[in-house]
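In: Sequence and predicted structure below; questions after.
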Amino acid sequence: MNETANLTGTTQSEILDFLFLKGFTSGGSFAIWRKPLSKKLEFLLDDQEIPYKVDLAFEELPAGFIVHPFADQEDKKAYFIKSTRYFSFILDQETVKEDLPEWVKSSEDQSLTSIKAAINHLVRKKSEASCSENLQADEKSHFMRLVQHGVEAIDAGKLEKVVPARTKLISVPENFDLGNALLQMLQAYPNSFVNFFHIPKVGTWVGASPETLIKTGGDHFYTMALAGTQKAIGEHPLKSAAWTQKEIEEQALVCRYIVDCFKKIRLREYEEHGPKTIMAGNLLHLRTDFKVDMKATRFPQLGSVMLDLLHPTSAVCGMPRKEAHEFLQENEGFDRSFFAGFLGPVNIEGETSIFVNLRTASFKGEKAILYAGAGVTEDSDPEKEWEETELKCQIIGKFIQTPST
Ligand SMILES: C=C(O[C@@H]1C=C(C(=O)O)C=C[C@H]1O)C(=O)O
């Protein structure tokens, strides 16, 4: 078939289908993402079947996509999908047929319905064997006790803040359309890092994270303190938002945590902006931005040094970090796997953007597991924290559960 004729009128959804099919049938690992406020959808693939791991000193790495679980790793390494093949396109351009490289279109003789059917089959089949057999923590009563227990640990002076999480198991509908689901997330969450990755036998995840862990590009390093959650209501939710003392303190603790990390490496020159209210999906958060000039401070490795120091931040674990981590391991009752870990593109066109893996779901055959946590301080109410996790689960859950058109 003539290449141009075949691709006439190629829609974004069709390109996504080509990319998913290419990724799943390559036998290797792949990632698809769009950075916050960007129009560029990016895809990379490494057809190596055996997952590849790297040290966190990402400045030395080739271009790729890094994925790290929540828990500290004994080998101090992260998964890394090398950019053996890379393709990007601008989302609001009508047609990109001329830009589609030959290797993306390897499935050109398939009709679109059979491509969709193939992807629907592949996402289930390829996600069956992911490594962690996750114990479920879906029970409301379990989570409510966990929050209560957290409040008691704070009252007893053992912790300052802790961020317990839960899971929610949902069925992947029979007519699930992964490409369309991702497209809908891209449209719904322009401020978020919309992402998908598949690493054979390790994990198949989709998400829309509002939280940058670290970003480097040119001479600049950037991180943020994101915490405090409320539902966005009314016509001007950003303007009308009012925050309680609990939420203000909760977010201030995350700022303090970041400043403490700077202090550990004797970094004194940084810009701090905020906190301001931001919108992520239908939720509002408080955010403070931190920026460092790596050249002026003579700190070219600041990105990987801070990555190591920051993760897991008190936005997703707690304070003090060690005690909060132990509390979660003892009481949470499930393996967070990649939830609240970090992920993102590394050394692509001189930039690295690594996000906290929030508002996310992992596929497991016919099912998907949604994950969400909520920051607990001494004033927390278990019922409210549960509702917050329900809202957070819905951010991705609604695009998996609603049969696509
Ligand atoms: C833990 C999550 O989110 C984090 C916790 C927040 C909070 O406690 O208010 C807000 C934003 C994130 O830093 C999650 O989305 O699951």
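Out: Structure's in. What do you need? Residues are numbered from 1 along each chain as shown.
In: contacting residues for the residue of the stretch 151-300 of the chain found nearest the ligand?
Out: Taking Cβ to the nearest ligand atom as the measure, the stretch 151-300 of the chain has Thr229 as its residue closest to the ligand, at 3.5 Å. C-beta: built from backbone N, CA, C; applies to glycine. Shown here is Thr229, whose contacts under the criterion Cβ atoms under 8 Å, 6 or more residues apart in numbering are Glu247, Leu283, Leu284, His285, Ala374, Gly375, Glu388, Leu391, Lys392.
In: Gln187 too?
Out: Remark: with contacts taken as Cβ under 8 Å, 6+ apart, Gln187 is in contact with nothing.
In: could you point out which element follows whatever helix or strand it lives in?
Out: Applying DSSP states H and E as the criterion places Gln187 in helix 178-188. Using DSSP H and E, the next helix or strand after helix 178-188 towards the C-terminus is strand 193-199.
In: What average pLDDT does the helix holding Gln187 get?
Out: In this model, helix 178-188 carries a mean pLDDT of 96.
In: Tell me the buried residues in it?
Out: Buried residues in helix 178-188, defined by neighbour count with 16 or more other Cβ atoms under 10 Å: Leu178, Gly179, Asn180, Ala181, Leu182, Leu183, Gln184, Met185, Leu186.
In: Quick one: the helices in the chain, in order.
Out: Taking DSSP state H as the criterion, the chain carries its helices at 3-7, 12-25, 112-127, 140-155, 178-188, 237-240, 245-264, 302-310, 321-331, 382-401.
In: For the first one, give the mean pLDDT please.
Out: Averaged across helix 3-7, pLDDT comes to 35.
In: Check the second one too.
Out: The predicted model gives helix 12-25 an average pLDDT of 92.
In: Direction-wise, compare it with strand 193-199 and give the angle.
Out: Helix 12-25 runs at 30 degrees relative to strand 193-199, counting by axes from the mean of the first three to the mean of the last three Cα atoms, to 10 degrees.
In: and the stretch 201-350 of the chain, which residues reach the ligand?
Out: Within the stretch 201-350 of the chain, the positions lying close to the ligand (Cβ under 6 Å from any ligand atom) are Glu211, Leu226, Ala227, Gly228, Thr229, His285, Ala315, Val316.
In: go with 5 Å
Out: Within the stretch 201-350 of the chain, the positions lying close to the ligand (Cβ under 5 Å from any ligand atom) are Leu226, Ala227, Thr229, Ala315, Val316.
In: Adding pLDDT and distance to Ile81, write the residues you listed out as TSV.
Out: As requested, these are arranged in TSV below (pLDDT from 0 to 100; distance: Cβ to Cβ, whole Å):
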residue	pLDDT	distance to Ile81
Leu226	97	25
Ala227	95	29
Thr229	95	31
Ala315	94	25
Val316	97	23
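In: Widest-spaced pair of these?
Out: Pairwise distances across those (Cβ to Cβ) peak at 12.5 Å, for the pair Thr229 and Val316.
In: still on that earlier bit, could the helices of the chain be laid out in TSV, adding distance to Asp219?
Out: Shown next, in TSV, are these (distance: least, Cβ to Cβ, whole Å):
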stretch	distance to Asp219
helix 3-7	40
helix 12-25	33
helix 112-127	40
helix 140-155	40
helix 178-188	30
helix 237-240	31
helix 245-264	17
helix 302-310	10
helix 321-331	29
helix 382-401	34
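In: any idea which of these scores lowest on pLDDT?
Out: The stretch with the lowest mean pLDDT among the helices of the chain is helix 3-7, at a mean of 35.
In: pretty sure Lys295 is touching Asp219, no?
Out: Yes. Counting by Cβ atoms under 8 Å, Lys295 touches Asp219, with 4.1 Å between them.
In: returning to what we had before: just give me the closest of the residues of the stretch 201-350 of the chain next to the ligand to Gln48.
Out: Set against Gln48, the nearest of these by Cβ to Cβ is Val316 (30.0 Å).
In: what about the residue lying closest to that closest one once chain neighbours are set aside, neighbour count?
Out: With Cβ to Cβ, 6 or more residues apart in numbering as the criterion, Val316 has its nearest non-adjacent residue at 4.1 Å, and that residue is Ala340. Neighbouring residues of Ala340 were enumerated by other Cβ atoms under 10 Å; the total is 26.
In: OK, contacts around Ala340?
Out: Contacts of Ala340 (Cβ under 8 Å, 6+ apart): Phe70, Val163, Ala165, Pro312, Val316, Cys317, Val356, Asn357, Leu358, Tyr371, Gly373.
In: count of residues packed around the second one?
Out: The one in question is Val163. Neighbours of Val163 using other Cβ under 10 Å come to 25.
In: Hmm, Gly375 and it touching each other?
Out: Yes. Under the criterion of Cβ under 8 Å, Val163 is in contact with Gly375, at a separation of 5.1 Å.
In: rewinding a little: report the inter-axis angle for the helix holding Gln187 versus helix 382-401.
Out: Using the same axes, to 10 degrees, the direction of helix 178-188 lies 130 degrees away from that of helix 382-401.
In: Dump helix 178-188 to CSV, restricted to CA.
Out: Once non-C-alpha atoms are left out, helix 178-188 reads as follows in CSV (Å, rounded to 0.1, in the frame of the first residue of the first chain):
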residue,chain,number,x,y,z
LEU,A,178,-6.2,2.5,25.6
GLY,A,179,-5.3,5.1,22.9
ASN,A,180,-8.5,6.9,23.3
ALA,A,181,-8.3,6.8,27.1
LEU,A,182,-4.8,8.4,26.9
LEU,A,183,-6.1,11.0,24.5
GLN,A,184,-8.9,11.9,26.9
MET,A,185,-6.4,12.2,29.7
LEU,A,186,-4.2,14.5,27.6
GLN,A,187,-7.2,16.8,27.0
ALA,A,188,-8.5,16.7,30.5
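In: wait, Leu358 sits on Gly207?
Out: Yes. With contact defined as Cβ under 8 Å, Leu358 reaches Gly207; the gap is 7.0 Å.
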